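>>> I need the structure of the sequence given here:
(2 chains, ligands or ions: 2)
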Amino acid sequence: MKRLDFEPTFKCWRETARAALSAELSPEAISWSDGEATQLFEPMALESNQTRYNVPKRFMEVAERVVCHRSQGRWDLLYKVLWRITHGERHLLEVFSDVDTAALYKMDKEVRRDVHKMRAFVRFRHVVQEEEAWYVAWFEPDHHIIRINAPFFVDRFAQMRWSILSADECAHWDQRHLTFTDGVRREHAPNRDEVEELWRTYYSTIFNPARVKTSAMLAEMPKKYWRNLPEARAIPELLEQAPKRVENMIKASDAKQEAEIGKAVVPAADLDLESLKKAAAGCEACPLYRNATQTVFGEGPLQADIVFVGEQPGDQEDRIGRPFVGPAGAVLDRAMMEAGVVRARCYVTNSVKHFKWELRGKRRLHQTPNARDIEACRPWLEAELRLLKPQYLVCLGSTAANAVFGRPTKVLQNRGKWMESLYSKQTLITVHPSSILRARDPEQQEKAYGDFVNDLRLLVR
Amino acid sequence: MNLGAKLSILADAAKYDASCASSGTSRRDSRAGGIGSTTGSGICHSYTPDGRCVSLLKILLTNFCVYDCLYCINRRSSNVRRARFTIDEVVNLTIDFYRRNYIEGLFLSSGIIHNPDYTMERVVEVARKLRAEHGFKGYIHLKTIPEASSELIDQAGLWADRISINVELPTETDLSVLAPEKNLSRIEKAMAHIRGRIDSVKAEKKSKGRAFAPAGQSTQMIVGATSTPDVDILVRATNLYLTKSLKRVYYSAFSPIPDASARLPVLRPPLVREHRLYQADWLIRFYNYKAEELVNSSRPNLDLNIDPKLYWALSNPDHFPVDINSAPREILLRVPGLGVRNVNRLLVIRRWKRIGMLDLKRLGISLKKVSPFLITLDHLPPRSERFESLLNNREKSLQQELFDDWPGKSDNGTKFPYAG
Ligand code: SF4
Ligand code: SF4
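Ligands and ions are numbered 1, 2, ... in the order given. Model (predicted):
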């Protein structure tokens, strides 16, 4: 057997192969050596030869990739397939199940996968060199693909200056020219980038701890790539915390299933206020009814053209069963009188119809209803407003504003002007009278009260 | 709130959308300016430990929402933390990630703030800025809101590669129960409008106008939030493919969301149902199966234990065995264990030689899977109890299958339900 020496590039291999073919050297008679393997056989020189061989285009395309494969056997295999193609088996590449064809396609597939992984896993780091921004990456390919893959990165990042460094070879693009230099060591690459923290945040967030499936991840992103992927640093921690996060999710959803029963169900659409009130008295749609004395429904004449919506009944309202009869109700009454709003023309009600509280010492301390409480109770409020069709709607405080606008709505930014809400074209937001009672000092209190009255004056203009 | 905190809230809120494809769009590069390229096939830039591909920066502009769709974590009655990106924050984040080769592009959707048009305007503005001010050539997928005006949807299509409107639930009844503000006919109309635009822009392509959503439109259906059976889901999907020329229907197994509404089922549907739907969808689109061959009124749900292709073969034993050396393509495609790619290869090989078991083996085909169904040069399946053993083994094979590949969701990865 003879040894053929040549440079390990596609062009050199092609020329040598052409010479070998015209010398009618069968694959068994020669051994290909690109200088990397141990040399067992006698070297042999070949005349360069210009005979043209007509081989299918497909073969050249595949061969160009297969020469990038790192396996030593690629040269022998390529020549063997070429020999067969030029010796009566022109269709060889179409016989996918042939031993040599299958082996060739397997190598081709491995190179293409490597090319694809490089496109996926190169991670640039931003550095400034001589006052120029460069994006530099370190990559460890399985095969010799830096050169054939560089044009992809030029297409994508043509207006950036970048370098992809590897142990084999490095590619550089300065916005105009693509150049290649010898391989370097990993230490030459930058080791941090300011955006990587955000990227890790993103990566960690989109992971679903309930569906851990590392086998699928490893199949596509084998561990060997991890040390060059900034996000992979988060993986051990994500996996470690996954069971705990799932457990918490389950706990939270159990607690929630406990806590939540649903939404109030309003019997029929055409009830009058009185029967609505009776129906609400038996409402157990959410857990709030359990710790409260009774449902506190709205109050006022059906003809009312102004409806006040508050938050929820307080301690006294809960015991008496009527809205705005406690201290906050007193403030409201006084302010209405002062603003000239006739109480008899108004209907007053709350966003949530049961008193929500927690025990502090011996006192029942008011607790602000949350979005879920509001949603559970919304059907009652909706039913009231459907019947009343008020000309003006007044939201007292942020719970009412959230309920009536259907989204978080800030009181202080929106108070004192007419706005359109889910339920009325003319909706006014103002503070809850209880906030006036909570003012820090008399001076503040007086001012808060004055502002409140001013807001209400809009109703009589 | 800092950017990282916003990002974690708004990426978390977006992760329930199954779509992640970045493929099938027109080819572009940035040699003449700007940044980015597309090659037609997408790239998965990373994989999370749940095995899912990370291709696009998938985020919400905001998770505030005035709607109350019960299956959705962002519905107004949910207690989640809320955040809102500015338009520039999204634009810069996309560019910063793209420059470092973390992503193929952006998938942007949003909760509905103020009203549909207001929201849609902002979503479109992000895409416009990326394209017009940064010369961004990467992939953009915009989720559009069916209630938004058609002018805004048109603009979205001009900047984006793909636009999608989620049908969310398979039937009108399901929608009215779980998404009271949404309306099926409005969704369908918006989709039809998009199809019309895609078609007419394609027709006048020569006029050098900008392409309209070159990667087409897609949608998502949530599975298992209501009792609607697979037959309704697949029939609906088939209709959508036909009438709206959708590129893709995504099926998303309803997953119990934090802070869920009590009107939703407590239990998650088995994940395998989602997998089976993808398989059936695949068979319908690439293997010429009809939905009615896989599910029908007397058998409304796909078998969870056995893949639909195998199920069809087992229930139609008189179609088998088929001769690998003479059967036409559409018959070979129905052989369990043969995928499109291998069928195509076998047809080419057949021109040159008669096919035996060794050929199949060299193509990487599982002989165990195909042998009961195929006649080859050197193999004739024994007639008796051929299928019995397969049926008996199906529980075992399910476990194996789940372990092997899961789920065939991504356009980008190689994990199709019937890859080979
Ligand atoms: S707070 Fe409202 S929904 Fe809850 S039980 Fe009371 S009335 Fe019913
Ligand atoms: S409109 Fe969209 S974001 Fe808002 S609740 Fe419905 S599904 Fe969720």
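>>> can you give the domain ranges for chain B?
B:3-218, B:308-402 (automatic domain parsing).
>>> closest to residue B:250 out of those domains?
Distance to residue B:250, taken as CB to CB, is lowest for domain B:3-218 among the domains of chain B, at 4.2 Å. In short, each C-beta sits where N, CA and C put it, glycine included.
>>> spell out whether the closest one and ligand 1 are in contact.
No: Domain B:3-218 stays out of contact with ligand 1 when judged by CB under 6 Å from any ligand atom, the minimum separation being 12.3 Å.
>>> state the mean pLDDT of that domain.
Average pLDDT, domain B:3-218: 88.
>>> measure that domain end to end?
Using CA to CA, to the nearest Å, the end-to-end distance of domain B:3-218 comes to 30 Å.
>>> do the same with stretch A:220-229
Using CA to CA, the end-to-end distance of stretch A:220-229 comes out at 14 Å.
>>> stretch A:209-220 now?
For stretch A:209-220, the first-to-last residue distance is 19 Å (CA to CA).
>>> gap between it and the chain center?
A distance of 18 Å separates the centroid of the chain from that of stretch A:209-220, by CA atoms, centre = their mean, to the nearest Å.
>>> again with stretch B:78-91
Using CA atoms, centre = their mean, the mean C-alpha position of stretch B:78-91 is found 26 Å from that of the whole chain.
>>> do the same with stretch B:2-17
22 Å.
>>> that one and chain A in contact?
Yes: applying CB under 8 Å from any CB of the partner chain, one finds stretch B:2-17 in contact with chain A at B:3, B:4, B:7, B:8, B:11, B:12, B:14, B:15.
>>> what's near enough to touch the nearest residue to residue A:351 once chain neighbours are set aside?
Leaving aside its chain neighbours, residue A:351 sits nearest to residue A:403 (4.0 Å; criterion: CB to CB, 6 or more residues apart in numbering or on different chains). For residue A:403, the contact set (CB atoms under 8 Å, 6 or more residues apart in numbering or on different chains) comprises A:309, A:351, A:374, A:378, A:381, A:395.
>>> helix or strand for residue A:403, which one?
Residue A:403 is part of helix A:397-405 when elements are defined by DSSP states H and E.
>>> and the closest residue to chain A within chain B, what does it touch?
Of all residues in chain B, residue B:51 sits closest to chain A, at 2.7 Å by CB to the nearest CB. When contacts are counted by CB under 8 Å, 6+ apart, residue B:51 touches A:211, A:213, A:214, A:215, A:216, A:217, A:220, B:406.
>>> can you list those in TSV and add distance to residue A:123?
Output for the contacts of residue B:51, formatted as TSV (distance: CB to CB, whole Å):
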residue	distance to residue A:123
A:211	25
A:213	24
A:214	21
A:215	24
A:216	21
A:217	17
A:220	16
B:406	27
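>>> tell me the two of these that are most distant?
Once CB to CB is applied, these give A:211 and A:220 as the farthest pair, at 15.2 Å.
>>> picking up where we left off before, return the member of the contacts of residue B:51 nearest to residue A:84.
Checking the contacts of residue B:51 one by one against residue A:84 (CB to CB), the nearest turns out to be residue A:220, at 34.9 Å.
>>> so the closest one sits against residue B:48, correct?
No: counting by CB atoms under 8 Å, residue A:220 does not reach residue B:48; the two are 10.6 Å apart.
>>> compare the two (neighbour count), which wins?
Between residue A:220 and residue B:48, residue B:48 has the larger neighbour count (other CB atoms under 10 Å in any protein chain shown), namely 25 against 20.
>>> what about the helices in the stretch 201-350 of chain A?
A:214-220, A:235-259, A:273-281, A:288-291, A:315-320, A:327-339 (DSSP state H, counting those that start in this stretch).
>>> can you list contacts of the fifth one?
Same thing as helix A:315-320. Contacts of helix A:315-320 (CB under 8 Å, 6+ apart): A:292-294, A:296, A:323-327, A:329, A:354-355, A:357, A:364, A:366.
>>> which positions within stretch A:385-400 qualify as buried?
Neighbour-count burial for stretch A:385-400 flags A:385, A:387-388, A:390, A:392-400 (criterion: 16 or more other CB atoms under 10 Å in any protein chain shown).
>>> what of stretch B:129-148?
B:129-131, B:134, B:136-148.
>>> before we move on, back to that, widest-spaced pair of the buried residues of stretch A:385-400?
Distance extremes for the buried residues of stretch A:385-400: the farthest pair is A:387 and A:398 at 25.4 Å, using CB to CB.
>>> so which strand or helix has the residue of chain B closest to chain A?
Going by DSSP H and E, residue B:51 is not in any helix or strand.
>>> which one is it nearest to, not counting chain neighbours?
Sequence neighbours aside, residue A:216 is the residue nearest to residue B:51 in space, at 2.7 Å (criterion: CB to CB, 6+ apart).
>>> circling back: which one of the residues of stretch B:2-17 next to chain A is nearest ligand 1?
Ligand 1 lies nearest to residue B:12 out of the residues of stretch B:2-17 next to chain A, by CB to the nearest ligand atom, at 29.1 Å.
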